[in-house]
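Trainee: please work out how this folds:
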Amino acid sequence: MKIEDYLKLFEENPYVSVILYREKIIYANKTFCDLIGMSKEEIIKIAPEDVFPDENLRKKIRETINRRLKGEVFHTPYPPLEIVTKNKKRTYIKFLSQTVEYEGKYAGLAIALNVSEDVKKNFLIDILKDINQTIITKESEKEIFENIAENIL
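Mentor: Just a heads-up that it's a prediction; the model follows:
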């Protein structure tokens, strides 16, 4: 199967975001467009790293992109990462990328899942664990309220 055939398979997939990129995004499926809040016409005008708010992360991703465009083949899984949508909403994705050949040139293919709900749930679970420990270990109401406020803020 050619890369174009794989892209067609994912075009309407509601769960998986797919982008193909070089210096700029070449292709994004409907799920990624919806996640970012951009049309396909808008997305192909941006660099892949532009969706990440963290400057250091953008630099690392640009380095990875440059390696791919030189033809270096390697897998890159990432932990959940924060991205910013067109409307400045922050959301989280977990993705992996791979070097592929597209139209006779090297490119990167990224496959991503929206994990925002999982990240939020884990964050809340961690806060609740801290609150529970505070209630168990602190003796005065003042200490409990101060510690809970500190954890929430």
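
Trainee: now G108, nearest residue through space, not along the chain?
Mentor: R68 (4.4 Å; C-beta to C-beta, 6 or more residues apart in numbering). Using the backbone N, CA and C atoms, a C-beta is placed for each residue, glycine as well.

Trainee: return the set of buried residues in the strand or helix carrying that neighbour.
Mentor: Under the criterion of DSSP states H and E, R68 resides in helix 55-69. Neighbour counts over helix 55-69 (16 or more other C-beta atoms under 10 Å) mark 58, 61, 64-65, 67-69 as buried.

Trainee: CA atoms only: put it into CSV for me.
Mentor: Output in CSV follows, covering the C-alpha atoms of helix 55-69 (Å, rounded to 0.1, in the frame of the first residue of the first chain):
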residue,chain,number,x,y,z
GLU,A,55,9.0,27.0,22.7
ASN,A,56,11.5,24.4,23.8
LEU,A,57,9.2,21.6,22.6
ARG,A,58,8.8,23.4,19.2
LYS,A,59,12.5,23.5,18.8
LYS,A,60,12.9,19.7,19.6
ILE,A,61,10.1,18.9,17.1
ARG,A,62,11.7,21.1,14.4
GLU,A,63,15.0,19.1,15.0
THR,A,64,13.1,15.9,14.6
ILE,A,65,11.3,17.2,11.4
ASN,A,66,14.7,18.2,9.9
ARG,A,67,16.1,14.7,10.6
ARG,A,68,13.1,13.1,8.9
LEU,A,69,13.3,15.4,5.8
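
Trainee: so what touches it?
Mentor: The contact list for helix 55-69 (C-beta atoms under 8 Å, 6 or more residues apart in numbering) reads 21-23, 47-50, 52, 74, 76, 81, 97, 99, 106-108.

Trainee: C-terminal to that helix, what's the next element?
Mentor: Downstream of helix 55-69, the first helix or strand assigned by DSSP H and E is strand 75-77.

Trainee: let me see the mean pLDDT of that next one.
Mentor: Per-residue pLDDT values over strand 75-77 give a mean of 78.

Trainee: which strands and helices lie in contact with it?
Mentor: The contact analysis (3 or more C-beta pairs under 8 Å, 6 or more residues apart in numbering; DSSP states H and E) places strand 75-77 against strand 90-102.

Trainee: what angle sits between the strand it packs on and helix 55-69?
Mentor: Going by axes from the mean of the first three to the mean of the last three C-alpha atoms, to 10 degrees, strand 90-102 is angled at 10 degrees with respect to helix 55-69.
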